[in-house]
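Asker: okay, predicted coordinates and the sequence, questions at the end:
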Amino acid sequence: MTLRQFFYRRIYLHTPYWRWIRSLVGRRAHWKCEVRGCGFHGHNLNAHHIKYHLFLEWLNLSNLVYLCPWHHAEVHKGWMQYLTKGRILRP
């Protein structure tokens, strides 16, 4: 694990700041997974960065999507692609 990954996963994602950002993204998505056809909803879904930046643009909400745990894992496996318009993910 690189220093960047360590900081991001072990420190940044556990801060009150990140919880606040995740709640903003969730409200924008009406607490529903942003993948077309996915019916998963709730307050404990994941906010996913479309592009990762170290110390830059962490508050850029247009760079974040709200995903259920299953679709979040699929995105990280590279099986889904983000479409820039309409906040829709699809296989």
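Answerer: Arrived safely, thanks for sending. Numbering: from 1, shown residues only.
Asker: pLDDT weak spots in the protein?
Answerer: For the chain, the stretches with pLDDT under 70 are 52-59, 80-91.
Asker: just so I have it, where are all the strands in it?
Answerer: 46-49, 64-67, 81-83, 88-90 (DSSP state E).
Asker: and the first one, what does it pack onto?
Answerer: When contacts are defined as 3 or more CB pairs under 8 Å, 6 or more residues apart in numbering; DSSP states H and E, strand 46-49 sits against helix 16-28, strand 64-67, helix 69-77. In short, each C-beta sits where N, CA and C put it, glycine included.
Asker: figure out how far the longest one is from the centre of its chain.
Answerer: The gap between the average C-alpha position of helix 16-28 and the chain average comes to 10 Å, counting by CA atoms, centre = their mean, to the nearest Å.
Asker: ok, now the shortest one?
Answerer: The gap between where strand 64-67 is centred and where its chain is centred comes out at 4 Å by CA atoms, centre = their mean.
Asker: who are the packing partners of it?
Answerer: Right, strand 64-67 is packed against helix 16-28, strand 46-49 by 3+ CB pairs under 8 Å, 6+ apart.
Asker: what does that strand contact?
Answerer: 21, 25-26, 28-29, 31-35, 45-50, 75, 82, 87, 89 (CB atoms under 8 Å, 6 or more residues apart in numbering).
Asker: who does that strand pair up with?
Answerer: strand 46-49 (antiparallel) (DSSP bridges).
Asker: give the buried residues for the partner strand.
Answerer: Within strand 46-49, the residues scored as buried using 16 or more other CB atoms under 10 Å are N46, A47, H48.
Asker: stretch 60-80 now?
Answerer: Buried, per 16+ other CB under 10 Å, within stretch 60-80: N63, L64, V65, Y66, L67, C68, H71, H72, E74, V75, M80.
Asker: only alpha carbons, please: show it as CSV.
Answerer: Backbone C-alpha positions of stretch 60-80 (Å, rounded to 0.1, in the frame of the first residue of the first chain) are rendered in CSV as follows:
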residue,chain,number,x,y,z
ASN,A,60,-15.9,18.8,-6.0
LEU,A,61,-19.3,17.1,-5.7
SER,A,62,-19.5,16.6,-9.4
ASN,A,63,-16.6,14.3,-9.1
LEU,A,64,-18.5,12.0,-6.7
VAL,A,65,-21.3,9.4,-7.3
TYR,A,66,-23.4,7.6,-4.7
LEU,A,67,-23.2,3.8,-5.1
CYS,A,68,-24.5,0.7,-3.3
PRO,A,69,-21.7,-1.6,-2.0
TRP,A,70,-22.1,-4.0,-4.9
HIS,A,71,-21.8,-1.4,-7.7
HIS,A,72,-19.0,0.3,-5.9
ALA,A,73,-17.0,-3.0,-5.9
GLU,A,74,-17.9,-3.4,-9.6
VAL,A,75,-16.6,0.0,-10.5
HIS,A,76,-13.3,-0.7,-8.7
LYS,A,77,-13.0,-4.0,-10.6
GLY,A,78,-13.3,-2.0,-13.8
TRP,A,79,-16.5,-3.7,-14.9
MET,A,80,-18.5,-0.6,-15.1
